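Student: Coordinates for the following, if possible.
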Amino acid sequence: MARGEFMFISDIHSNLEALQAVLADAGEKEVYCLGDAVGYGASPNEVIELLKERGATMTLGNHDFAALSGEPTGFNSKAAIAAVWTSRNLSSENRRFLSELPKNRRVSLAGLEAYIAHGSPDDNLWEYVYEATHSDLFGFYLKRLSVGLIALGHTHVPFTWSGSEGTVFNPGSVGQPRDGDPRASYAIVSVDGTRTTVEDRRVEYDIAASARKIVEAGLPEVLAKRLSTGD
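Tutor: Got it, this is the predicted structure:
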């Protein structure tokens, strides 16, 4: 009977200190990243390098896409400024790395077939999936995709839904939580034969250091202030 534990992260948003903290907390587990490695924060290249070093399996997020294009259509003004800044500061190697990421993936976790994306199965980059708004669709998604697990990001709000068809979850945001808890958020998926569990985890990190980098980079100050409030 196959067993395994897997680390799921999303929405790091160029927050190196938060990423370092969650990786240290999880230990040497396989890493799956659901998009938005960059955007908002001041350490895009360092974050990508660390993810590459850990061999993370990744999908593209909407902020990653905006950084590649340099044209953040549909973003608010602060997010747009950060996207343009990120686009200008990405190394050519890391730009190429992001450009090669798929919008979704099918992966096998100790024999459990899973689907991962940033937004939704219908709109991988832009649709926000909350349990309160989409739970009636989760069983449909699982059946349509013929998987037992779906992992989505984008909302920065963690949840786990389980039904007879399987499990749908969001690990929350590593680098910019929006559920009122400023600690970095991630999840551990445990597979033991036919049993699957999702454990939400929160980790303290050096918020002041990350915020200081944002201000020093000349990015909007509100992007630094919100780190301490989790909103």
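Student: what residues are up against Asp178?
Tutor: Careful, residue 178 is Arg; it's not Asp. If you count contacts by CB atoms under 8 Å, 6 or more residues apart in numbering, Arg178 has them with Thr155, His156, Val157, Gly230, Asp231. (C-beta placed from N, C-alpha, C; glycine too.)
Student: Tell me how many other residues crowd the residue lying closest to it once chain neighbours are set aside.
Tutor: Spatially, and ignoring its direct neighbours in sequence, Arg178 is nearest to His156 (3.8 Å; CB to CB, 6 or more residues apart in numbering). His156 has 22 neighbours, counted by other CB atoms under 10 Å.
Student: Show me which of the contacts of Arg178 are buried.
Tutor: Judged by neighbour count, with 16 or more other CB atoms under 10 Å as the criterion, the buried members of these are Thr155, His156, Val157, Gly230.
Student: nearest to Arg96, of those residues?
Tutor: His156 (27.0 Å; CB to CB).
Student: secondary structure element for the closest one?
Tutor: Secondary structure assigned from DSSP states H and E places His156 in neither a helix nor a strand.
Student: Isn't it up against Gln176?
Tutor: Yes. Between His156 and Gln176 a contact is recorded at 6.1 Å, counting by CB atoms under 8 Å.
Student: which neighbours do those two share?
Tutor: Taking CB under 8 Å, 6+ apart as the criterion, His156 and Gln176 both touch Asp11.
Student: how distant is the longest helix seen in the chain from the center of its chain?
Tutor: Ranked by residue count under DSSP state H, the longest helix found in the chain is helix 131-145. The chain centroid and the centroid of helix 131-145 are separated by 20 Å, computed with CA atoms, centre = their mean, to the nearest Å.
Student: got the buried residues for that helix?
Tutor: Neighbour count says helix 131-145 has Glu131, His134, Phe138, Tyr141, Leu142, Leu145 buried, by 16+ other CB under 10 Å.
Student: Pipe the residues you listed into JSON lines and attach distance to Phe75 and pLDDT per row.
Tutor: Converted to JSON lines, the buried residues of helix 131-145 look like this (distance: CB to CB, whole Å; pLDDT from 0 to 100):
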{"residue": "Glu131", "distance to Phe75": "25", "pLDDT": "97"}
{"residue": "His134", "distance to Phe75": "23", "pLDDT": "97"}
{"residue": "Phe138", "distance to Phe75": "28", "pLDDT": "98"}
{"residue": "Tyr141", "distance to Phe75": "27", "pLDDT": "98"}
{"residue": "Leu142", "distance to Phe75": "31", "pLDDT": "98"}
{"residue": "Leu145", "distance to Phe75": "29", "pLDDT": "98"}
